[in-house]
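Here you go, sequence then predicted model.
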Amino acid sequence: MNDFKIILYLCNWAPHTAYQTLQDNGYQIPPEIKMVRISCAGRITKALLLKAFEMGADGVALVGCSPGACRYGTGTVNAVTHTEDARSILELLGVGGRRMRFATFLPDDTEPLRRFLAEFTAEIRALGKSPVVPVRKAPPEAFFHEASVADILAKHDAYACQDCGKCTAACPLALSGKPYSPRTLVGAIAAGGLSSEAVVRDVWACLTCGVCYERCPSDVNFPEFIRDARSWIHAHQGEESQAHGGFFQSLMRTMTSPALSPARWQDLPGDVTTDPDGKTLFFGGCAPYFDVFFRNHTGVDTSRILFDAVRLLNFFDVHPRLLETERCCGHDLLWSGDLENFQRLARLNTERLNDEGIETVITACPECYRTLSTDYPRHGLRPAFTVMHLYEFLERELDKGAVTFAPLENRITYQDSCRLNRLDGMKELPRKLISRLLPGGFTEMKDSGAAAICCGNCAWTGCDAFSKALQVRRIRQAVDTASDLMVTSCPKCQIHLRCAMEDPFLGREIRMATEDLTSVLARTIRWE
């Protein structure tokens, strides 16, 4: 019985004509191939390419028109870019880039198309089955313990809302012009549940930044309330609102396959040293995947944060272990409502790190820190390791003295990470480190600390014109400090704010250099 599956995304124009001619002439398409007729190869995004593998494909071929023959002009160029990026992602995941192929044909290229189909099918069979196992959705009660919306309201004491409006008055989304109110949303859910389209829309719009929680006199933890509301919607209704076609959620669900063996640290610079048998592990997070996905747009280099973090550890004679098969921590699955797959991923991570005898995990990512240190134990997992944010480690070591920093020519300002700042109560820690630097000047933005404005998105959900307006507002606050460098502490802040800086209408008005605090520290730290 044939159990190989190859998805063939076939452009409706030139290559489909060749494909149809093959069939008309009696050629039997290999049974492994499942053809999907599409309007243009350029319309198949990276998210759709990865989704095919998540759903069980062993290989994917994207077939379009030959260069210059695309009816839509840029379809072939876009398809090449998407395919190259998808192949890079598949290599990082350990699925293998050879399972993804792009080819172009003219209407009369029947023989070249036949050879391509036969050769690609043979190659996929030689590679064997994909290590990705499609996830079968379990019934809600198997993993989601709040049986009703009333349970969620009670769990987070949402009935204690005093309707005072302090949350709405401080909400970054409301202040950006979006008709959105945390207190109104709580009231609507209490009155009518989670079935209303308007309620569901607002549940996905929330940034979970925590400003409302900071201001709430009744101490209602609105971000966690929203997180559980999303989980209920995901489990019972399946409605979601995900940016970038759900690419990153698909990426994380793919990582729940136990047989998957990611290749995470292939590009480690030669000037850093690690200990393959060490008990202290540096957990990098998803930065390499971000860099591939956004490399043709914002030009981000968030992997540099990871390398600089290891350099800082080396500076203090710590040579961490790196897990070559490291998977995502699952933060975005949890906060976008996919509790089932978050738990699968969290179990895989915990069991692997426990089995490896890891005693301490250090991470530079605020979301990895929050997830590993707080959310794993809350979901019944028993990590045998302690979790430390890199900033905690650095502050401890710097307190011992004998370390200084080279002068920094830049005038700097600082963008808070919502997770470190409010959800984990560590807003002063990065500021202590900044106070040790020797910049040309340091000026806080108008809204800083507990009042700091989010970068505009969380867990790749709800990106819209209002979140973009919020990002522009935040960048303007940075520009108003007369600084020439915005220092960040989260890779996603870099991505979202740099994306907003590409606004073609505002141009240079909102352009500003950005750099993670980890990298600033790494390039200026010195022994006295």
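The structure has been received and is ready for your questions. Numbering: from 1, shown residues only.

Identify the residues contacting R136.
Residues near R136 by Cβ atoms under 8 Å, 6 or more residues apart in numbering: none. C-betas here are computed from N, CA, C, even on glycine.

Could you measure from it over to Q249?
16 Å (Cβ to Cβ, to the nearest Å).

Ok, I305 next?
I305 is 22 Å from Q249, by Cβ to Cβ.

nearest residue to A198 other than its sequence neighbours?
Leaving aside its chain neighbours, A198 sits nearest to A188 (7.5 Å; criterion: Cβ to Cβ, 6 or more residues apart in numbering).

Name the surrounding residues that touch the strand or helix carrying the one you found.
Using DSSP states H and E, A188 falls within helix 182-192. Contacting residues not belonging to helix 182-192 are listed as 149, 153, 158-159, 161, 163-165, 167-168, 171, 196, 198-199, 202-203, 206, 212, 220, 222, 225, 229 [Cβ under 8 Å, 6+ apart].

And the residues you listed, which of them are buried?
Buried members of the contacts of helix 182-192, scored by 16 or more other Cβ atoms under 10 Å, are 149, 153, 158, 161, 167-168, 171, 199, 202-203, 206, 212, 220, 222, 225, 229.

Helices - which of those residues land there?
149, 153, 167-168, 199, 202-203, 212, 222, 225, 229 (DSSP state H).

beta partners of P407?
The partner list for P407 in beta bridges (DSSP bridges) reads L438.

Read off the pLDDT value for it.
pLDDT recorded at P407 is 97.

Please name the residues that touch it.
438-439, 524.

Top of those by number of neighbours, please.
For these, the largest number of neighbours (other Cβ atoms under 10 Å) sits with P439, at 20 neighbours.

How about L22: what's its closest non-neighbour residue?
That would be T110: by Cβ to Cβ, 6+ apart, it lies 5.3 Å from L22.

no, scratch that, I was asking about T443
T481 (4.0 Å).

Number of residues surrounding that neighbour?
20.

For it, give its distance to P134.
The value you get for T481 to P134, if Cβ to Cβ is used, is 49 Å.

What of A52?
Counting by Cβ to Cβ, the gap from A52 to P134 is 11 Å.

Which one of those two is surrounded by more residues?
The residue with more neighbours, out of A52 and P134, is A52; 24 against 13, by other Cβ under 10 Å.

Go ahead and confirm that one touches I7.
Yes - taking Cβ atoms under 8 Å as the definition, A52 is a contact partner of I7 at 4.5 Å.

Can you check which residues contact both of those two?
V60.

Could you point out which residue ranges in the protein have low pLDDT?
1-2, 142-146, 239 (pLDDT under 70).

Okay, strands next: where are they in it?
Taking DSSP state E, the strands of the chain run over residues 6-11, 33-38, 59-65, 100-105, 280-283, 360-363, 386-389, 403-405, 411-414, 441-442, 485-488, 513-516, 525-527.

elements contacting the shortest one?
Just to be clear, that refers to strand 441-442. strand 411-414 (3 or more Cβ pairs under 8 Å, 6 or more residues apart in numbering; DSSP states H and E).

and the strand it packs on, how far from the chain's centre?
25 Å (Cα atoms, centre = their mean, to the nearest Å).
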